[in-house]
Structure formats: C-alpha cells, structure tokens
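In: Quick one: sequence and predicted model below, then my questions.
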Amino acid sequence: MTKGLKFAIKSVAFDEDYKPSENTRITTNFANLARGESRQENLRNALRMIDNRFNALAHWDNPKGDRYSVELDIISVELNFGAEGNGDAFPLIEILKTNIVDRKTNDRIEGIVGNNFSSYVRDYDFSVVLPEHNKNQAKFSIPESFGDLHGKLFKAFLTSDAYKANFSKLPVICISASSSKTYQRTENQHPVMGIEYKQDDFSSTDQYFAKMGMQVRYFMPPNSVAPLAFYFIGDLLGDYTNLELISTISTMETFQKIYRPEIYNANSAAGAIYQPDLKHQDYSLTRVVYDREERSRLAVEQGKFAEEHFIKPYKSVLDQWSANYAA
C-alpha cells in the first residue's frame, strides 16, 4: 500500500523552552507563539491555560483543581521517496501528541495524537489550487479531485509502520467551527464533550477531511462558549477515555481562545442556533500575543513552497502512486 513511500517521525517537546527550528517544518501556530520578546511568557501562559482547563473538566477526585498537567509533543512527519528511503525527505504533516501527568498517582497517561493539524499539501490545496480554480469565476466551486492526493497520503501514513510503531490509537483532530456555516444545538450531551451541535451543510474543510477518511462531530464542552469541530475515524465517544478527550479539549480550546478570541473567548455562549463570527466585538483577549496576519500570510508561502519543492518536481511519481493507491 505504501510501497515507494517511507514515513519518518520526529518529535520535539512543546514547552516553555520550545524554539522553532530554522531548517525543519514549523507549525505556524506554535512558531508564532514562540517568537519575539514575549516568547517564553507566551508559552508559559498558554501551557498554564491548558492545565487549568484540564483540571476544570477532570474535576472528580480533584478537590484543589491541580491534580493533572498536560505535556505536549510536536510530531513532525517526513515523507521519503524510494523503497529504501534514500530519496529526498519532504516535511509532510505536523500534529500534536498529548500526554497526561497525574500528580496524585505519579502516573504518566498517554493522551491523543492529532489535535492540531498542519500540512504543506493542505496549504497548497487551499492557498494555491482553490484560488486558481476560482479565478474569474462568477460562483465559488471546488475541483472534483480537490484533496485526493492529500487524503491518500494521510491514509497511507496511518497504515504505515512508522505510525503503528509510535501510536496506539487513531488520531483526533480538533479545529474551529466554520464561520460560514450555521450550527444547531441538539439534545445530546456528554459529560466531558458537552452539548452536541449539528449542521446540515458540510464545509469545504469537512469535505477535505472526509477524503482523509475522517468524519466530524461538533461539541461545545462544559463552560465553553462555542462548539469545536472534532474530526475522527471510528467512534469518537467510545474509542477514547474521558481523560484522553479532555487532553484534546483543553489543548485545542486554549489555542482557539488565543487564535480566534472573537469566537472562543466571547463573553456570551452560543445559543440554540449559532453561526461563528470573526467580526464579533464582545470578547476578551488572553495574555498571549499572537500575530494572526502572519499566520494567514505563511499559509500562502507554505502552499507555494509545497508546489515548488513537492508537487511539481515529483508530479509523475505522485500521479503514479496516487493512481495505484488502494485504501
């Protein structure tokens, strides 16, 4: 299935001493927090927010709200062409791995892999392919093959020896709900995930993740103000423990409060019918400095990098591999 492709995994701790590498793939979100005069304070505040949120959700047998802490690793996935792995390595994907430290028992509990999701090929698809396809078009549309290659590469990674050797469960990716869609509250409620929301019309991101083999559910955790989108394979509520799910919620809700405070740090909670709005004015800022404009600009730059260093030079190899790929 993955003949001719070899995946390699590298891991670096995301802590208050984290510094983005100059010569490896950097997830814009993390790198943005870890630069400038406030870098260490940014990281320390973000990690404290994650721990506080985790303990608020994992409140049982936790009277002081300080039983747990979350450790994060940035997982970088490289793709190497050639059966022996002797070809050129390309930084394909970057995700996060959570681990939970129980201070009461001194146990270290494995969390969830996935969480944040960063991909050069996705940047290429959304920042290069999609704008080019819709240039001079009266109505926005998505190419029929949009996301096909990326989806196959992601599925191949999940079935690779590298993934199986490092992770015991399939990934869960958690991102912001789409600001172009409307969500309706349901009667379904989970003790950790909170209130489930649904929407009738999938976004382009939902369709893109579907090609990666992932389905989506939307939940607004207890004391949150907006639903998060959870992408998964299998049974989201059955395949993962409450502590595993809390590690993802606490981590990704914290990042969304920093990245999109208009939605996730709003001063009022989502109603029965909800549409996220990045122009919403009634919200609070966190103590973490974040440059959202740089994030958008780098997505375009990274998309063009993928086109120049991956898509174009390996087009024939990728086309042949993709045509022969069978999930």
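Out: Sure thing, it's come through. Residues are numbered from 1 along each chain as shown.
In: where does the residue nearest to the spatial centre of the chain fall, helix, sheet strand or coil?
Out: With distances taken as CA atoms, centre = their mean, the chain has N116 as the residue nearest its mean C-alpha position (2.3 Å). Assigned by DSSP: H, G, I helix; E, B strand; the rest coil, the conformation of N116 is strand.
In: so what's the residue nearest to it when sequence neighbours are not counted bridging to?
Out: Once flanking residues are discounted, N116 sits nearest to L96: 4.6 Å by CB to CB, 6 or more residues apart in numbering. Where C-beta positions appear, they are placed from N, C-alpha and C, glycine not excepted. Taking DSSP bridges as the rule, L96 bridges to I74, G114.
In: Tell me where the stretch 151-300 of the chain has helices.
Out: Ranges of helices in the stretch 151-300 of the chain, per DSSP state H, counting those that start in this stretch, are 161-166, 204-210, 242-259, 261-264, 292-306.
In: which of those is buried the deepest?
Out: helix 242-259 (a mean of 24; mean count of other CB atoms under 10 Å).
In: how much does that helix deviate in direction from helix 292-306?
Out: If you take axes from the mean of the first three to the mean of the last three CA atoms, to 10 degrees, helix 242-259 sits at 110 degrees to helix 292-306.
In: just checking, H190 touches G238?
Out: No. In this structure H190 lies outside contact range of G238 using CB atoms under 8 Å: 11.0 Å.
In: In terms of neighbours, single out the busier of those two.
Out: Using other CB atoms under 10 Å, the more surrounded residue of H190 and G238 is H190, with 16 against 6.
In: Skipping adjacent residues, who's closest to the more buried one in space?
Out: Per CB to CB, 6+ apart, closest to H190 is L237, 6.1 Å.
In: How about the contacts made by the one you found?
Out: 190, 193, 245 (CB atoms under 8 Å, 6 or more residues apart in numbering).
In: mind checking how far the first one is from D282?
Out: H190 sits 28 Å away from D282 when distances are taken as CB to CB, to the nearest Å.
In: Can you name the element that comes right after the worst-scoring helix or strand of the chain on mean pLDDT?
Out: In the chain, no helix or strand scores lower on mean pLDDT, DSSP states H and E than helix 28-33, which sits at a mean of 64. Where DSSP states H and E defines the elements, the next helix or strand beyond helix 28-33 is helix 39-57.
In: Return the list of helices and strands in contact with that following helix.
Out: Using 3 or more CB pairs under 8 Å, 6 or more residues apart in numbering; DSSP states H and E, the elements in contact with helix 39-57 are helix 28-33, strand 68-81, helix 242-259.
In: Flag the shaky bits of the protein, pLDDT-wise.
Out: Within the chain, the stretches with pLDDT under 70 are 1-4, 21-32, 35-36, 82-87, 291-295, 327.
In: how about 50 then?
Out: 1-2, 23-26, 83-86 (pLDDT under 50).
In: N62: which of the contacts of L237 is nearest?
Out: L245 (15.9 Å; CB to CB).
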